[in-house]
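Visitor: sequence isn't available, so here's the structure alone:
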């Protein structure tokens with residue numbers, strides 16, 4: 001059985017949110033811990049923002065946040081209805097390069113298509129070359145910069161399903 005078949009998304013709740021605190025990009029990376037709690041907060045405050053734990057082989061190996069796209073960092077000014085965004089994706093280093101990330105993006109794409117979205121965007125820091133290569137390998141292409149001057153990539157959701 002492949003790694004991909006054993007990966008599932010589990011909605012974050014009050015009862016399991018503490019697991020997200022153990023998911024980090026690296027040993028000293030406090031920044032991503034902040035983003036994990038940041039997106040859990042948005043998920044609790046806004047039912048349209050989904051935040052899930054990524055489970056693989058009965059272990060939590062990552063976190064993903066997704067939903068409608070917004071024009072601002074406060075999530076107050078929405079983009080067009082058809083545009084969704086992968087707000088945050090973090091998979092622990094020891095679980096990367098195993099197909100888990102691709103499966104997560106495909107599962108997210110299926111959900112967003114069911115919600116009426118047709119386009120998926122993702123922003124990454126200009127220095128995040130690993131992230132850029134991952135998304136480009138999936139078919140995302142650069143379209144612009146976002147409100148924080150991060151590189152914005154886009155793909156049609158139908159190309160991911």
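Guide: Structure received. All values derive from a computational prediction rather than experimental measurement.
Visitor: tell me which element residue 107 is part of?
Guide: helix 100-114 (DSSP states H and E).
Visitor: all strands for this structure, in order.
Guide: 7-11, 50-56, 59-68, 83-91, 119-124, 141-145, 151-156 (DSSP state E).
Visitor: give me the neighbour count for the closest residue to residue 79 other than its chain neighbours.
Guide: Setting aside the residues directly before and after it, residue 79 is nearest to residue 69 in space (C-beta to C-beta, 6 or more residues apart in numbering), at 3.9 Å. No exception for glycine: its C-beta is placed from N, CA and C like everyone else's. A count of nearby residues for residue 69, using other C-beta atoms under 10 Å, gives 25.
Visitor: my guess is residue 69 meets residue 81, correct?
Guide: No - using C-beta atoms under 8 Å as the test, residue 69 is too far from residue 81 to be in contact (9.7 Å).
Visitor: what's the overlap in contacts for those two?
Guide: Listed contacts common to residue 69 and residue 81 are nil; contacts here mean C-beta atoms under 8 Å, 6 or more residues apart in numbering.
Visitor: state the distance from the nearest residue to residue 8 once chain neighbours are set aside to residue 140.
Guide: Distance criterion C-beta to C-beta, 6+ apart; nearest residue to residue 8, sequence neighbours excluded, is residue 55 at 5.3 Å. As judged by C-beta to C-beta, to the nearest Å, residue 55 and residue 140 stand 24 Å apart.
Visitor: between these two, who's got more neighbours?
Guide: residue 140 (22 against 17).
Visitor: quick one: contacts for the residue nearest to residue 79?
Guide: So residue 69 contacts 78, 79, 83, 84, 85, 121 (C-beta under 8 Å, 6+ apart).
Visitor: what is the burial count for the second one?
Guide: Okay, so that is residue 79. Neighbour tally, residue 79, other C-beta under 10 Å: 14.
Visitor: do I have it right that it meets residue 67?
Guide: No - using C-beta under 8 Å, residue 79 is not in contact with residue 67; the gap is 11.0 Å.
Visitor: need the residues touching each of those two.
Guide: residue 85.
Visitor: number of nearby residues for residue 118?
Guide: By other C-beta under 10 Å, the residues close to residue 118 number 14.
Visitor: wait, I meant residue 39
Guide: 23.
Visitor: so it touches residue 63, yeah?
Guide: Yes - the criterion here is C-beta under 8 Å, and residue 39 meets it with residue 63 at 7.3 Å.
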